[in-house]
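**Student:** One predicted model, sequence on top.
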Amino acid sequence: MHCQLECGSYLQTDEAHGNSIQSQTIGDIALLPAGIEQGGFFFNNLSTEEIISRRSRTPLPMSNDVIDSVHALAEADKVS
């Protein structure tokens, strides 16, 4: 049984960068299940604002920095 995520949850997803010094995880907001049995989910990447699909993720508490980032994205999109 796969752990279900709540829409709007903050988490880190794994990124494959080989042996580079780039970050191996990225901060995302959970959107909705990807509809695959392996437990994939769609996420909003907070750095690029892209919608991505990942299976591997680590839920984390939402810090004030994350909240500020989400508010800044909403303001840029003129959403209140």
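**Tutor:** Cool, got the structure.
**Student:** Any regions of the chain where pLDDT drops low?
**Tutor:** 1-3, 16-18, 20-23, 37, 79-80 (pLDDT under 70).
**Student:** Can you pull up the most central residue in the protein?
**Tutor:** Asp28 (1.8 Å; C-alpha atoms, centre = their mean).
**Student:** helix or strand for it, which one?
**Tutor:** Using DSSP states H and E, Asp28 sits in strand 25-33.
**Student:** quick one: buried residues of that strand?
**Tutor:** By neighbour count with 16 or more other C-beta atoms under 10 Å, strand 25-33 contains the buried residues 26-31. Bear in mind the C-beta positions are built from the backbone N, C-alpha and C, glycine included.
**Student:** can you give me the strands in the chain?
**Tutor:** Counting by DSSP state E, the segments of the chain that form strands are 10-14, 25-33, 41-45, 51-54, 57-59.
**Student:** who does the shortest one touch, helix- and strand-wise?
**Tutor:** Here strand 57-59 touches strand 10-14, strand 25-33, going by 3 or more C-beta pairs under 8 Å, 6 or more residues apart in numbering; DSSP states H and E.
**Student:** For Pro59, find the nearest of those.
**Tutor:** strand 10-14 (4.6 Å; C-beta to C-beta).
**Student:** Columns distance to Arg54 on top of the buried residues of strand 25-33, output as CSV?
**Tutor:** Supplementary listing: the buried residues of strand 25-33 in CSV, determined by distance: C-beta to C-beta, whole Å:
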residue, distance to Arg54
Ile26, 9
Gly27, 12
Asp28, 8
Ile29, 12
Ala30, 10
Leu31, 11
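**Student:** show me the contacts for the closest residue to Glu50 other than its chain neighbours.
**Tutor:** Among residues not flanking Glu50 along the chain, Asn44 sits closest, at 7.7 Å (C-beta to C-beta, 6 or more residues apart in numbering). Contact analysis of Asn44 by C-beta atoms under 8 Å, 6 or more residues apart in numbering lists 28-29, 31, 50-51.
**Student:** Return the set of residues that bridge with Asn44.
**Tutor:** Per DSSP bridges, the residues bridged to Asn44 are Ile29, Ile51.
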